[in-house]
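Visitor: Let's see this in three dimensions:
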Amino acid sequence: MITRNERKAFILWLVGVVSLLGVMAIAWLWPNNPIMLYGFTGFGGLMMLMSLGILIRRGVVKKQSIQK
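Guide: The predicted model follows:
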């Protein structure tokens with residue numbers, strides 16, 4: 001059973017991966033464009049960190065509920 005938060009985390013992770021792939025494509029097709037490059041890498045990294053944070057928080061919550 002997938003919860004809403006896990007689905008949200010997965011979507012954020014997917015968006016992060018897609019934007020990072022977009023960066024690679026832009027860097028390959030259009031090498032002299034630093035603004036797009038930094039913007040997309042920052043966005044992709046942020047999304048992946050957010051999704052990891054949500055998943056870690058879910059794991060911590062599950063561990064605490066087992067201990068009680």
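Visitor: Tally up the residues packed near the residue lying closest to Arg58 once chain neighbours are set aside, please.
Guide: Spatial nearest neighbour of Arg58, chain neighbours left out: Asn5 (6.0 Å); criterion: Cβ to Cβ, 6 or more residues apart in numbering. (Each C-beta comes from the backbone N, C-alpha and C, glycine too.) Using other Cβ atoms under 10 Å, Asn5 has 13 other residues around it.
Visitor: and Asn5, what helix or strand is that in?
Guide: Using DSSP states H and E, Asn5 sits in helix 4-29.
Visitor: tell me which residues of that helix are tucked away?
Guide: Ala9, Leu12, Trp13, Val15, Gly16, Ser19, Leu20, Val23, Ile26 (16 or more other Cβ atoms under 10 Å).
Visitor: Can you add pLDDT and give the residues you listed back as JSON lines?
Guide: JSON lines is the format used below for these (pLDDT from 0 to 100):
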{"residue": "Ala9", "pLDDT": "78"}
{"residue": "Leu12", "pLDDT": "78"}
{"residue": "Trp13", "pLDDT": "79"}
{"residue": "Val15", "pLDDT": "80"}
{"residue": "Gly16", "pLDDT": "75"}
{"residue": "Ser19", "pLDDT": "75"}
{"residue": "Leu20", "pLDDT": "74"}
{"residue": "Val23", "pLDDT": "71"}
{"residue": "Ile26", "pLDDT": "69"}
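Visitor: Which strands and helices lie in contact with the helix holding Asn5?
Guide: In terms of contacts (3 or more Cβ pairs under 8 Å, 6 or more residues apart in numbering; DSSP states H and E), helix 4-29 is packed against helix 34-67.
Visitor: helices and strands of this structure: which one has the lowest mean pLDDT?
Guide: helix 34-67 (a mean of 66; mean pLDDT, DSSP states H and E).
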